[in-house]
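> Provided below for reference: sequence and predicted model.
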Amino acid sequence: MSHDNLSDEDKELFRKATQGVTPLKHKNHLPTYEKAVRNTSLPSPIKKMPLIIPTRIQQPNTSTFINHYDATILTADSILSFSRTPLAKQHMRDLKMGKIAIESRLDLHGKNSNDAEKALDKFIQHAQVAGIRSLLIIHGKGGKNKEAPILKTLVNNYLRYLPCVLAFHSAQPKDGGSGALYVLLKKLRAC
């Protein structure tokens, strides 16, 4: 842009408008997306924090549970979505919309984290052996009094580390909304 075509009045208006602005020091004079996001003043809706869950002894022929998570602190209304490998867009859309027939369901309401983990482990193993691939897991929204939802966080982290879990997504309101998950399992393989 040539400054020769600008009047003195325009130049003065430009100087006033840009007073106190620091020039960018990026090679293209544009910040990268990562830097732009990092510099926003809005708080992130989800904070990443490490969560350590103790290792438990497994029975023979069951998976070894991971004891360290890269956990995400969730809210009651957080929408969960995960895919181990890229699914066809239509297949993931069908999962999100609840269009895949639910073959089995598990309700974890009222369970403490240890009982919920055991029930979840047993449920997934049974589904694998029975050839069941489409599940609904009801974990509840938890998070009463603005606390992080314990069971929702546990289920989110647990399913991400099971190799037999192909994908999951928060359910539609008719099936529990953000208090439940549609889960898609791989064909029979050991978890």
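Right, received. Where do you want to start?
> which residues sit against whichever strand or helix holds residue 181?
Here residue 181 sits within strand 180-185, counting by DSSP states H and E. Strand 180-185 is contacted from outside by 80, 95-96, 98, 100, 102, 124, 127-128, 132-139, 155, 159, 164-171, 175, using C-beta atoms under 8 Å, 6 or more residues apart in numbering. Just so you know, the C-beta spots here come from the backbone N, C-alpha and C atoms, and that holds for glycine as well.
> so of those, which ones are in helices?
Among these, the members falling in helices (DSSP state H) are 95-96, 124, 127-128, 155, 159.
> Identify, from these, the entry nearest to residue 116.
Looking at those and their distance to residue 116, the nearest is residue 155, at 7.5 Å (C-beta to C-beta).
> That closest one: how many residues sit nearby?
26 (other C-beta atoms under 10 Å).
> can you check the one 5 residues further on too?
When neighbours are defined as other C-beta under 10 Å, residue 160 has 17 of them.
> repeat for the one 4 residues further on
Burial of residue 164 is recorded as 20 neighbouring residues (other C-beta under 10 Å).
> Let me know the pLDDT of it.
On pLDDT, residue 164 comes in at 90.
> my guess is residue 188 contacts residue 130, does it?
No: the criterion here is C-beta atoms under 8 Å, and residue 188 misses it with residue 130 at 9.2 Å.
> Run through the helices of this protein in chain order.
For the chain, the helices defined by DSSP H occupy 8-17, 33-38, 89-96, 113-130, 150-160.
> and the third one, average pLDDT?
Helix 89-96 shows an average pLDDT of 90 in the prediction.
> by how many degrees do that helix and strand 180-185 diverge?
Counting by axes from the mean of the first three to the mean of the last three C-alpha atoms, to 10 degrees, helix 89-96 lies at 140 degrees to strand 180-185.
> Show me what helix 89-96 is packed up against.
Using 3 or more C-beta pairs under 8 Å, 6 or more residues apart in numbering; DSSP states H and E as the contact test, the elements touching helix 89-96 are strand 165-170, strand 180-185.
> Could you export the first one as CSV, CA atoms only?
Right, the one you point to is strand 165-170. Extracted in CSV, the C-alpha atoms of strand 165-170 (Å, rounded to 0.1, in the frame of the first residue of the first chain):
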residue,chain,number,x,y,z
VAL,A,165,-13.4,-49.1,21.4
LEU,A,166,-13.6,-47.8,17.9
ALA,A,167,-15.5,-44.6,18.7
PHE,A,168,-17.9,-42.9,21.1
HIS,A,169,-20.1,-39.8,21.2
SER,A,170,-22.5,-38.1,23.7
